[in-house]
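**Student:** what follows is a protein structure lacking sequence information:
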């Protein structure tokens, strides 16, 4: 039997019927305060575009809290270098978009660069 998603004891259908203020009251403090202050003009414009579009919407709004009306939509989030495709799932509700587009990656160096000393050029191959 498949597991039914619940958030704070409520199913996704119950959450989607809530108003934004009711939904904000069941979120953790930081996200709750952000939503209760109200959405910015950019966030309102983004939600309007997301609601009317079938294609993924590009955005730089990494601080946008994922709300129930965004579930099952596709978003392209900019991580500073490239666009990361994000398929929003019910488990992501209450998080921020930027949490799913990591900005830092592990750096791997291949060989010493120009100006390296003689001793640093002879590194073991393993």
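**Tutor:** Arrived safely, thanks for sending. Nothing here was measured: the structure is a model prediction, and the numbers come from that model. Numbering: from 1, shown residues only.
**Student:** against residue 106, how distant is the residue most central in space within the chain?
**Tutor:** Compute the mean C-alpha point of the chain, and by CA atoms, centre = their mean the closest residue is residue 97, 2.1 Å away. With distances defined as CB to CB, to the nearest Å, the gap from residue 97 to residue 106 amounts to 23 Å. Just so you know, the C-beta spots here come from the backbone N, C-alpha and C atoms, and that holds for glycine as well.
**Student:** quick check: the residue nearest to the centre of the chain touching residue 62?
**Tutor:** Yes. Contact status for residue 97 versus residue 62: in contact at 5.5 Å, counting by CB atoms under 8 Å.
**Student:** which residues are in contact with each of those two?
**Tutor:** Taking CB atoms under 8 Å, 6 or more residues apart in numbering as the contact criterion, the common neighbours of residue 97 and residue 62 are residue 77.
**Student:** any low-confidence regions in this structure?
**Tutor:** Flagging of the chain using pLDDT under 70 yields the residue ranges 118-126.
**Student:** how far does the lengthiest helix in it sit from its chain's centre?
**Tutor:** The helix of greatest length in the chain, counted in residues with DSSP state H as the criterion, is given as helix 41-52. Going by CA atoms, centre = their mean, to the nearest Å, the spacing between the C-alpha centre of helix 41-52 and its chain's C-alpha centre is 16 Å.
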